[in-house]
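> I would like to see how this sequence folds:
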Amino acid sequence: MPSRPLTLSRSRPLSRPLTSLVAVLVLGVAAAGCGGDGEAEGSQPPVPSHAPLAGNVFPSPTTTGVRPGTPLKQVGETTVENDGAVVENLEVHGRLNIKADNVTVRNVRVIGAGDWSIIQAKGASDAVIEDCEISGDGVTKAQWGVLNQGGYITVRRVNIHTVSNAIGTDHGLIEDSYIHDFKEFPGDHVTGPQSNGSPEKGLSLTIRYNTILNQLAQTSAISLYQDFSRAHDVLIEHNLLGGGGYTVYGGDGKFGATTDIRIVDNVFTRRLFPKGGYWGPLSYFDAKGKGNRFEGNVWEGTGEPVAP
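You can find the predicted model right below:
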């Protein structure tokens, strides 16, 4: 591994286009076991990644992450500073820092350490992270797989594992990704996608068509919190969800009533815990909030409705 960081100061064109993949995982595939203590482009046009998933199929290791057979150049900590840069075909050991607008990270493996593996820094916007594998090494703590402190972000067909928290953002799009096998260090609250408050004005957060399985008995597969501001305008739809203390935290909190929190048409699994999460499938959801919906959510295997 190089001894000094790599800085990308100009954009690079794609060496070849990538073909988008539609995620496919048969629902019966085995998942990881539980543990821990409880807490109260190619020659063909790409397939739209938001196409409905037919036959109850969800993202898996074979449909996410770096494209098989792609040679990756190994580098150290990498910082992207020019707008429109394309980062591809790398294996980054350390952090990948995005400090520019409209950056695309594609076909990259990041083995992070410290506070994050990938960050979109404050002041940057419109990063697209797709067809990547993001993890820690399992020994040194990697807190966040993807941390967004800037504007809109898209995370698509990404395999995230061996981190304490998968994705931290209050706005953006998370889709067609496989998030699993979390790593807990002392003092951690282990979550998949996590929002800590309000999206920026005019933005929203969408989490759709993902497999998110937290094998630990804490904290969640998806968490909406009010640590800094009121939670609103979130769509969670057509995901396979399981594990954590509660599988989903619904955003209720101290900054006011939640609005437009829509948790619809998801499949909750009991593979990890009999109640979906160690304690249950859902907590901190205000069913009376304006525009809030918990509808069409069913249990894997039986199709029975999940009660809010």
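> So what sits opposite residue 129 in the bridge?
Following DSSP bridges, residue 129 is listed with bridge partners residue 105, residue 155.
> per-residue confidence at it?
For residue 129, the pLDDT comes out at 98.
> Same question for residue 42.
31.
> Start and end of stretch 126-135, how far apart?
Taking C-alpha to C-alpha, to the nearest Å, stretch 126-135 runs 22 Å from one end to the other.
> got it, and stretch 163-170?
In stretch 163-170, first residue to last residue: 19 Å (C-alpha to C-alpha).
> Same question for stretch 161-168.
14 Å.
> now stretch 144-163
6 Å.
> do the same with stretch 99-119
So stretch 99-119: terminal residues 8 Å apart, C-alpha to C-alpha.
> tell me which residues of it are tucked away?
Within stretch 99-119, the residues that count as buried by 16 or more other C-beta atoms under 10 Å are 99-101, 103-113, 116-119. Yep, even glycine has a C-beta here, placed from its N, CA and C like the rest.
> so residue 111 touches residue 132, yeah?
No. Residue 111 is beyond contact range of residue 132, at 11.4 Å (criterion: C-beta atoms under 8 Å).
> Of all the residues in stretch 262-273, which ones are buried?
262-263, 266-269, 271-273.
> helix or strand right after the lowest-mean-pLDDT helix or strand in the chain?
Here the helix or strand of the chain ranked lowest by mean pLDDT, DSSP states H and E is strand 6-8, holding a mean of 42. Downstream of strand 6-8, the first helix or strand assigned by DSSP states H and E is strand 73-75.
> now whichever strand or helix holds residue 207: mean pLDDT?
In this assignment (DSSP H and E), residue 207 forms part of strand 205-208. In this model, strand 205-208 has a mean pLDDT of 98.
> same question, stretch 81-92
pLDDT averaged over stretch 81-92 gives 98.
> Just the C-alpha atoms of it, please, in PDB.
Taking Å, rounded to 0.1, in the frame of the first residue of the first chain, the C-alpha atoms of stretch 81-92 are listed here in PDB:
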ATOM      1  CA  GLU A  81     -11.000  17.900  -5.300                       C
ATOM      2  CA  ASN A  82     -12.200  18.600  -8.900                       C
ATOM      3  CA  ASP A  83     -15.800  18.900  -9.900                       C
ATOM      4  CA  GLY A  84     -17.000  16.100 -12.200                       C
ATOM      5  CA  ALA A  85     -14.200  13.700 -11.400                       C
ATOM      6  CA  VAL A  86     -14.700  10.000 -12.000                       C
ATOM      7  CA  VAL A  87     -12.900   7.600  -9.600                       C
ATOM      8  CA  GLU A  88     -12.900   4.000 -10.800                       C
ATOM      9  CA  ASN A  89     -11.000   0.700 -10.700                       C
ATOM     10  CA  LEU A  90      -9.200   1.400  -7.400                       C
ATOM     11  CA  GLU A  91      -8.800  -0.500  -4.100                       C
ATOM     12  CA  VAL A  92      -8.500   2.200  -1.500                       C
END
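> Off-centre distance for that stretch?
20 Å (C-alpha atoms, centre = their mean, to the nearest Å).
> Also stretch 282-293?
22 Å.
> Equivalent analysis for stretch 85-96, please.
18 Å.
> ok, now stretch 298-308?
On C-alpha atoms, centre = their mean, the centre of stretch 298-308 falls 23 Å from the chain's centre.
> Name the residues that touch that stretch?
Stretch 298-308 is contacted from outside by 27, 240, 242, 266-271, 276, 281-282, 285, 287, 294, 297, using C-beta atoms under 8 Å, 6 or more residues apart in numbering.
> cutoff 6 Å now
27, 267-269, 281-282, 285, 287, 294, 297 (C-beta atoms under 6 Å, 6 or more residues apart in numbering).
> With stretch 186-202 instead?
Residues contacting stretch 186-202 (C-beta under 6 Å, 6+ apart): 164-168, 170-171, 174, 179, 182, 184, 205, 207, 212, 216, 218-225, 227-230, 233.
> In strands only, show me the residues you listed.
Using DSSP state E, the members of the contacts of stretch 186-202 that fall in strands are 165-168, 174, 179, 205, 207, 212, 222-224, 233.
> Out of the buried residues of stretch 262-273, which comes closest to residue 139?
residue 272 (24.2 Å; C-beta to C-beta).
> where does the closest one land on pLDDT?
pLDDT, read off for residue 272, is 98.
> before we move on, the earlier item: which one of the buried residues of stretch 262-273 is nearest to residue 247?
Set against residue 247, the nearest of the buried residues of stretch 262-273 by C-beta to C-beta is residue 268 (6.1 Å).
> can you tell me how far that closest one sits from residue 181?
Residue 268 sits 19 Å away from residue 181, going by C-beta to C-beta, to the nearest Å.
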